[in-house]
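Visitor: okay, here's the prediction I keep looking at, along with the sequence it came from:
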Amino acid sequence: VQNTNNLFSNIYIKHMIANVKGFITPSKYVKTSLLNLGVSSSKISVIHNGVNLNIFHPMEVENKEVVFLQPFSIKRPYIIYTSRLAEASKSHIELVKAFDIFKKRTGSSHRLVIAGAEGASTEAVRKEVIHSHYSSDILLTGYFPHDALNKLYCAADLCVFPSRNEGSGLSVLEAIASGIPVACSNEGALKEIIKDAALYFDSTSPNEIADRIEELINTKENLALRESMIKKGLECANQYSWKTTADETFDYITSLIKK
(Lines give C-alpha, C1' and ligand atoms only; values in the text may rest on other atoms or scores of the structure.)
Protein backbone atom coordinates (compact mmCIF):
# COMPACT_ATOMS: atom_id res chain seq x y z
CA VAL A 1 0.00 0.00 0.00
CA GLN A 2 2.82 2.42 0.85
CA ASN A 3 4.54 2.11 -2.55
CA THR A 4 2.14 4.31 -4.51
CA ASN A 5 4.50 6.14 -6.87
CA ASN A 6 3.59 4.18 -10.01
CA LEU A 7 0.51 5.50 -11.84
CA PHE A 8 -0.62 2.07 -13.08
CA SER A 9 -0.13 0.58 -9.62
CA ASN A 10 -2.31 3.33 -8.17
CA ILE A 11 -5.08 2.68 -10.69
CA TYR A 12 -4.95 -1.07 -10.05
CA ILE A 13 -4.92 -0.66 -6.26
CA LYS A 14 -7.80 1.83 -6.33
CA HIS A 15 -9.85 -0.53 -8.50
CA MET A 16 -9.03 -3.49 -6.25
CA ILE A 17 -10.01 -1.75 -3.02
CA ALA A 18 -13.11 0.05 -4.31
CA ASN A 19 -15.49 -2.62 -3.02
CA VAL A 20 -13.66 -3.49 0.18
CA LYS A 21 -15.95 -3.07 3.17
CA GLY A 22 -13.28 -2.25 5.73
CA PHE A 23 -9.55 -2.06 6.35
CA ILE A 24 -7.38 -2.85 9.37
CA THR A 25 -4.04 -1.07 9.52
CA PRO A 26 -1.28 -1.47 12.16
CA SER A 27 -0.69 2.29 12.44
CA LYS A 28 -1.97 5.75 11.58
CA TYR A 29 0.99 5.96 9.21
CA VAL A 30 -0.40 3.12 7.08
CA LYS A 31 -3.89 4.59 7.40
CA THR A 32 -2.58 7.79 5.80
CA SER A 33 -1.36 5.75 2.81
CA LEU A 34 -4.88 4.40 2.35
CA LEU A 35 -6.40 7.86 2.70
CA ASN A 36 -4.06 9.07 -0.05
CA LEU A 37 -5.52 6.35 -2.28
CA GLY A 38 -9.00 7.74 -1.69
CA VAL A 39 -10.21 5.29 0.93
CA SER A 40 -12.75 6.82 3.30
CA SER A 41 -11.51 7.29 6.86
CA SER A 42 -14.71 5.64 8.12
CA LYS A 43 -13.63 2.40 6.43
CA ILE A 44 -10.27 2.21 8.24
CA SER A 45 -9.59 0.90 11.72
CA VAL A 46 -6.12 1.30 13.26
CA ILE A 47 -5.26 -1.75 15.37
CA HIS A 48 -1.68 -1.91 16.58
CA ASN A 49 0.31 -5.15 16.57
CA GLY A 50 1.15 -6.83 19.82
CA VAL A 51 4.47 -8.22 21.04
CA ASN A 52 4.88 -11.72 22.49
CA LEU A 53 6.40 -11.12 25.92
CA ASN A 54 6.71 -14.87 26.46
CA ILE A 55 9.34 -14.88 23.71
CA PHE A 56 10.76 -11.36 23.91
CA HIS A 57 11.88 -10.43 27.41
CA PRO A 58 15.13 -9.50 29.21
CA MET A 59 17.45 -12.43 29.77
CA GLU A 60 20.98 -12.81 31.07
CA VAL A 61 23.48 -13.91 28.41
CA GLU A 62 26.18 -15.64 30.43
CA ASN A 63 29.17 -15.30 28.12
CA LYS A 64 30.26 -11.65 28.19
CA GLU A 65 32.65 -12.01 25.25
CA VAL A 66 30.78 -14.15 22.70
CA VAL A 67 27.17 -15.13 22.04
CA PHE A 68 26.66 -18.55 20.48
CA LEU A 69 23.70 -18.77 18.13
CA GLN A 70 24.05 -21.58 15.62
CA PRO A 71 25.63 -21.30 13.14
CA PHE A 72 27.12 -18.07 14.49
CA SER A 73 29.60 -17.18 17.16
CA ILE A 74 29.21 -13.41 17.52
CA LYS A 75 31.83 -11.42 19.37
CA ARG A 76 30.51 -8.89 21.86
CA PRO A 77 29.94 -5.99 22.25
CA TYR A 78 27.80 -5.36 19.20
CA ILE A 79 25.04 -3.16 17.79
CA ILE A 80 22.08 -4.91 16.14
CA TYR A 81 19.78 -4.08 13.22
CA THR A 82 17.22 -6.71 12.23
CA SER A 83 15.78 -6.05 8.80
CA ARG A 84 15.63 -7.77 5.42
CA LEU A 85 18.03 -6.29 2.85
CA ALA A 86 15.10 -5.00 0.86
CA GLU A 87 14.60 -1.54 -0.63
CA ALA A 88 16.90 1.44 -0.05
CA SER A 89 14.43 2.94 2.44
CA LYS A 90 15.59 0.33 4.96
CA SER A 91 18.71 2.55 5.19
CA HIS A 92 21.30 -0.20 5.64
CA ILE A 93 23.86 1.82 3.71
CA GLU A 94 23.36 4.90 5.88
CA LEU A 95 23.80 2.73 8.97
CA VAL A 96 27.09 1.28 7.70
CA LYS A 97 28.34 4.82 7.04
CA ALA A 98 27.21 5.88 10.51
CA PHE A 99 29.03 2.91 12.03
CA ASP A 100 32.23 4.05 10.31
CA ILE A 101 31.79 7.54 11.77
CA PHE A 102 31.10 6.15 15.23
CA LYS A 103 34.18 3.88 15.14
CA LYS A 104 36.45 6.69 13.93
CA ARG A 105 35.19 9.04 16.65
CA THR A 106 35.39 6.63 19.56
CA GLY A 107 37.81 3.82 18.73
CA SER A 108 35.13 1.52 20.16
CA SER A 109 35.45 -2.25 19.98
CA HIS A 110 31.77 -2.61 19.02
CA ARG A 111 30.73 -4.62 16.00
CA LEU A 112 27.67 -4.09 13.79
CA VAL A 113 25.40 -7.10 13.24
CA ILE A 114 22.79 -6.82 10.48
CA ALA A 115 20.37 -9.74 10.67
CA GLY A 116 17.97 -10.17 7.78
CA ALA A 117 17.31 -12.18 4.65
CA GLU A 118 18.64 -11.09 1.28
CA GLY A 119 16.61 -8.74 -0.88
CA ALA A 120 16.80 -6.08 -3.58
CA SER A 121 19.50 -4.09 -1.74
CA THR A 122 21.79 -7.00 -0.92
CA GLU A 123 24.46 -6.22 -3.49
CA ALA A 124 24.54 -2.49 -2.67
CA VAL A 125 24.79 -3.18 1.07
CA ARG A 126 27.59 -5.73 0.57
CA LYS A 127 29.56 -3.24 -1.52
CA GLU A 128 29.17 -0.60 1.21
CA VAL A 129 30.41 -3.08 3.82
CA ILE A 130 33.43 -4.03 1.67
CA HIS A 131 34.35 -0.35 1.27
CA SER A 132 34.01 0.33 4.98
CA HIS A 133 37.22 0.93 6.94
CA TYR A 134 35.73 -1.41 9.55
CA SER A 135 34.40 -4.17 7.29
CA SER A 136 35.91 -6.85 9.56
CA ASP A 137 33.63 -5.56 12.36
CA ILE A 138 30.43 -5.83 10.30
CA LEU A 139 28.48 -9.10 10.12
CA LEU A 140 25.66 -9.77 7.66
CA THR A 141 23.97 -12.89 8.99
CA GLY A 142 21.42 -13.42 6.23
CA TYR A 143 18.11 -14.95 7.32
CA PHE A 144 17.95 -15.26 11.10
CA PRO A 145 15.44 -17.56 12.86
CA HIS A 146 12.75 -15.60 14.68
CA ASP A 147 12.84 -17.88 17.71
CA ALA A 148 16.53 -17.00 18.28
CA LEU A 149 16.07 -13.23 18.02
CA ASN A 150 15.46 -12.66 21.74
CA LYS A 151 18.93 -13.93 22.64
CA LEU A 152 20.45 -11.94 19.76
CA TYR A 153 18.80 -8.79 21.09
CA CYS A 154 19.64 -9.46 24.74
CA ALA A 155 23.33 -9.94 23.97
CA ALA A 156 23.44 -6.68 22.01
CA ASP A 157 24.47 -3.34 23.46
CA LEU A 158 22.02 -1.36 21.39
CA CYS A 159 19.44 -1.74 18.62
CA VAL A 160 19.62 0.81 15.80
CA PHE A 161 16.65 0.82 13.42
CA PRO A 162 17.06 3.34 10.56
CA SER A 163 14.25 2.10 8.27
CA ARG A 164 12.24 5.06 6.95
CA ASN A 165 8.94 3.39 6.07
CA GLU A 166 8.06 1.03 8.91
CA GLY A 167 4.32 0.53 9.12
CA SER A 168 4.03 -1.42 12.38
CA GLY A 169 7.29 -1.11 14.35
CA LEU A 170 7.14 -4.76 15.39
CA SER A 171 10.90 -5.35 15.24
CA VAL A 172 11.53 -2.33 17.45
CA LEU A 173 8.87 -3.51 19.91
CA GLU A 174 10.63 -6.87 20.12
CA ALA A 175 13.95 -5.13 20.78
CA ILE A 176 12.68 -2.93 23.61
CA ALA A 177 10.79 -5.87 25.10
CA SER A 178 14.15 -7.67 25.24
CA GLY A 179 15.50 -4.93 27.49
CA ILE A 180 17.96 -3.07 25.29
CA PRO A 181 17.94 0.63 24.36
CA VAL A 182 16.85 1.64 20.87
CA ALA A 183 17.66 4.46 18.47
CA CYS A 184 15.49 4.64 15.37
CA SER A 185 14.27 6.64 12.40
CA ASN A 186 12.00 9.62 12.98
CA GLU A 187 9.92 8.60 9.94
CA GLY A 188 7.21 6.00 9.39
CA ALA A 189 5.16 4.68 12.31
CA LEU A 190 7.98 4.37 14.83
CA LYS A 191 7.28 7.55 16.82
CA GLU A 192 3.59 6.67 16.86
CA ILE A 193 4.29 3.20 18.29
CA ILE A 194 7.41 3.66 20.43
CA LYS A 195 6.78 7.25 21.59
CA ASP A 196 9.47 8.41 24.05
CA ALA A 197 10.98 4.93 24.53
CA ALA A 198 13.64 5.49 21.83
CA LEU A 199 16.03 8.17 20.64
CA TYR A 200 15.26 9.34 17.11
CA PHE A 201 17.35 10.48 14.15
CA ASP A 202 17.14 11.54 10.52
CA SER A 203 17.91 8.30 8.64
CA THR A 204 19.38 10.21 5.70
CA SER A 205 22.11 11.61 7.98
CA PRO A 206 24.86 9.11 8.93
CA ASN A 207 26.31 11.75 11.27
CA GLU A 208 23.05 12.00 13.18
CA ILE A 209 22.73 8.22 13.40
CA ALA A 210 26.30 8.09 14.75
CA ASP A 211 25.38 10.75 17.35
CA ARG A 212 22.52 8.62 18.70
CA ILE A 213 24.71 5.51 18.77
CA GLU A 214 27.34 7.39 20.76
CA GLU A 215 24.71 8.65 23.22
CA LEU A 216 23.35 5.17 23.97
CA ILE A 217 26.42 2.96 23.80
CA ASN A 218 27.31 1.19 27.03
CA THR A 219 29.75 3.47 28.89
CA LYS A 220 29.85 4.86 32.43
CA GLU A 221 28.98 8.29 31.06
CA ASN A 222 25.85 7.00 29.34
CA LEU A 223 24.65 4.68 32.10
CA ALA A 224 21.81 6.90 33.39
CA LEU A 225 20.40 7.54 29.91
CA ARG A 226 20.65 3.86 28.96
CA GLU A 227 18.86 2.74 32.11
CA SER A 228 16.14 5.35 31.58
CA MET A 229 15.58 4.27 27.95
CA ILE A 230 15.54 0.57 28.87
CA LYS A 231 12.92 1.23 31.55
CA LYS A 232 10.78 3.27 29.15
CA GLY A 233 11.14 0.55 26.53
CA LEU A 234 9.92 -2.21 28.81
CA GLU A 235 6.96 -0.06 29.91
CA CYS A 236 6.13 0.68 26.27
CA ALA A 237 6.32 -2.99 25.22
CA ASN A 238 3.91 -3.93 28.01
CA GLN A 239 1.25 -1.76 26.37
CA TYR A 240 1.09 -3.96 23.26
CA SER A 241 -0.62 -7.34 23.60
CA TRP A 242 -1.55 -9.79 20.87
CA LYS A 243 -4.69 -10.60 22.87
CA THR A 244 -5.74 -6.96 22.63
CA THR A 245 -4.94 -6.99 18.92
CA ALA A 246 -7.03 -10.15 18.42
CA ASP A 247 -9.95 -8.82 20.49
CA GLU A 248 -10.03 -5.49 18.63
CA THR A 249 -9.77 -7.29 15.27
CA PHE A 250 -12.64 -9.62 16.16
CA ASP A 251 -14.81 -6.71 17.31
CA TYR A 252 -14.12 -4.74 14.14
CA ILE A 253 -14.87 -7.65 11.79
CA THR A 254 -18.04 -8.40 13.76
CA SER A 255 -19.13 -4.78 13.40
CA LEU A 256 -18.64 -4.97 9.61
CA ILE A 257 -20.70 -8.15 9.36
CA LYS A 258 -23.58 -6.49 11.24
CA LYS A 259 -23.70 -3.53 8.84
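Guide: Happy to help now that I have it.

Visitor: every contact and neighbour count from this point should use C-alpha atoms.
Guide: Noted.

Visitor: residue 27 touches residue 44, doesn't it?
Guide: No: the criterion here is C-alpha atoms under 8 Å, and residue 27 misses it with residue 44 at 10.5 Å.

Visitor: name the residues contacting each of these two.
Guide: Taking C-alpha atoms under 8 Å, 6 or more residues apart in numbering as the contact rule, residue 27 and residue 44 touch no residue in common.

Visitor: of all the residues in the helix or strand hosting residue 113, which ones are buried?
Guide: Assigning secondary structure by DSSP states H and E places residue 113 in strand 111-115. By neighbour count with 16 or more other C-alpha atoms under 10 Å, strand 111-115 contains the buried residues 111-115.

Visitor: for the residue nearest to residue 31 when sequence neighbours are not counted, which residues make a bridge with it?
Guide: Excluding the flanking residues, the one nearest residue 31 by C-alpha to C-alpha, 6 or more residues apart in numbering is residue 25, at 6.1 Å. Beta-bridge pairing for residue 25 (DSSP bridges): residue 46.

Visitor: count of residues packed around residue 25?
Guide: 19 (other C-alpha atoms under 10 Å).

Visitor: over to residue 220?
Guide: When neighbours are defined as other C-alpha under 10 Å, residue 220 has 8 of them.

Visitor: let me know the secondary structure of residue 249.
Guide: Under DSSP: H, G, I helix; E, B strand; the rest coil, residue 249 falls in the helix class.

Visitor: I'd guessed the residue nearest to residue 31 sits against residue 46; true?
Guide: Yes: the pair residue 25 / residue 46 is scored as a contact, 4.9 Å apart, by C-alpha under 8 Å.
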